[in-house]
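**Student:** My questions are about this predicted structure, shown below with the sequence.
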Amino acid sequence: MAGVIALTRAELSRLAHNRRYFIFTVAFPVILYLLIGRQVTAHAYQIGFGAYYMIAMATFGAFSGALNGNAQRISQEKKEGWIRQLRLTPLPANAYVITKIIVSLATTIPAIVIVLLLGRFYGNVHLPAWEWPVIAVVVWFGSTIFAALAVAIGYRFAPDQVQPVTLIIYFIFAILGGLWFPLSGFLGKVGQFTPTYEAVRIGAYVIHGDGVPAGLPIGLVVWLGIFVALATVAVRSTAESV
């Protein structure tokens, strides 16, 4: 366990100097919220647009950080032999994967906190005190399940293949999940089965005061199971080559 903690600290320290990572996980959703969050007066998912867009941008930042940066780094480190080097140390065999997921859980928090603060003090979103941590946890869990998918992609694909793969997945889940704008019609119905939509919709239900349909949190757990299964298969299938 001490080895995992030490490796996690090293990963966090290195990531703190990665400007590109924080541009896409923090700066991009913050800028979008500043530009749009207070300008639209319509409603989405039965709540004010400012509140909806706050949840959507927090989800967007955390989702981007959990998927895009992690998959690329894992693939590059596999190519460079870093994973193989770690296997020569006394660390447990799964220490690398555990570390990546822990780092993802930690580094998605700033995007969520900053966007929620913007919603409160810039977007004039007023909520009961208990709703803020509930929404933060929902967004955090709904987004960071993509950390497991990042492990699957990073292990399975070469660095030059990872970027197009993650971009395709990124756009599919961002658009269908209603992170940039709420969807209706056929695409809206398809999007209801995505974890990004489920996270945003749960937050909207919390704000609106309605009971959250059981299918939404169950859907998030199902997606987590799918992504963990994919990561497990990818790690086992490449165990002999890294």
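**Tutor:** In hand now; what should we look at?

**Student:** show me what contacts the residue nearest the centre of the chain?
**Tutor:** The chain has residue 63 as the residue nearest its centroid, 2.3 Å off, counting by Cα atoms, centre = their mean. By Cβ atoms under 8 Å, 6 or more residues apart in numbering, residue 63 lies in contact with 142, 143, 146, 173, 174, 179, 196. (Glycine included, C-beta is placed from N, CA and C.)

**Student:** Let me know the pLDDT of it.
**Tutor:** Reported pLDDT at residue 63 in the predicted model: 88.

**Student:** Please enumerate the strands of this protein.
**Tutor:** 43-44, 47-48 (DSSP state E).

**Student:** As a markdown table, the ones you listed with mean neighbour count and mean pLDDT would be great.
**Tutor:** Shown next, in a markdown table, are the strands of the chain (neighbours: other Cβ atoms under 10 Å; pLDDT from 0 to 100):
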| stretch | mean neighbour count | mean pLDDT |
| --- | --- | --- |
| strand 43-44 | 16 | 88 |
| strand 47-48 | 20 | 92 |
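
**Student:** Include distance to residue 235 when you put the ones you listed into TSV, please.
**Tutor:** Output for those, formatted as TSV (distance: least, Cβ to Cβ, whole Å):
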stretch	distance to residue 235
strand 43-44	39
strand 47-48	40
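
**Student:** can you count the residues close to residue 218?
**Tutor:** Close neighbours of residue 218, defined as other Cβ atoms under 10 Å, add up to 11.

**Student:** Return the per-residue confidence for it.
**Tutor:** 95.

**Student:** likewise residue 10?
**Tutor:** At residue 10, the model reports a pLDDT of 69.

**Student:** please begin residue numbering at 18 from this point
**Tutor:** Taking 18 as the first residue, the last one we looked at is residue 27.

**Student:** thinking again about what came up before, from the contacts of residue 80, pick the one nearest residue 126.
**Tutor:** residue 160 (10.3 Å; Cβ to Cβ).

**Student:** Pretty sure that closest one sits against residue 76.
**Tutor:** Yes: judged on Cβ atoms under 8 Å, residue 160 makes contact with residue 76 at a distance of 5.5 Å.

**Student:** who's more crowded, those two?
**Tutor:** It is residue 76, of residue 160 and residue 76, that has more neighbours when counted by other Cβ under 10 Å, with 33 against 29.

**Student:** Now do the buried residues in the helix ranked longest in the chain.
**Tutor:** Ranked by residue count under DSSP state H, the longest helix found in the chain is helix 232-254. For helix 232-254, the neighbour count (16 or more other Cβ atoms under 10 Å) marks 233, 234, 236, 237, 240, 241, 244, 245, 247, 248, 251, 252 as buried.

**Student:** tell me the two of the residues you listed that are most distant?
**Tutor:** 233 and 252 (29.2 Å).

**Student:** Please report how far the nearest residue to residue 170 once chain neighbours are set aside lies from residue 49.
**Tutor:** Of all residues not flanking residue 170 in the chain, residue 88 sits nearest, at 4.2 Å (Cβ to Cβ, 6 or more residues apart in numbering). Residue 88 is 22 Å from residue 49, where distance means Cβ to Cβ, to the nearest Å.

**Student:** In terms of packing, which of these two has more residues around it?
**Tutor:** A direct count of neighbours by other Cβ under 10 Å for residue 88 and residue 49 places residue 88 higher, at 29 against 18.

**Student:** residues touching the more buried one, list them.
**Tutor:** When contacts are counted by Cβ under 8 Å, 6+ apart, residue 88 touches 166, 167, 168, 170, 171, 174, 179, 182, 183.
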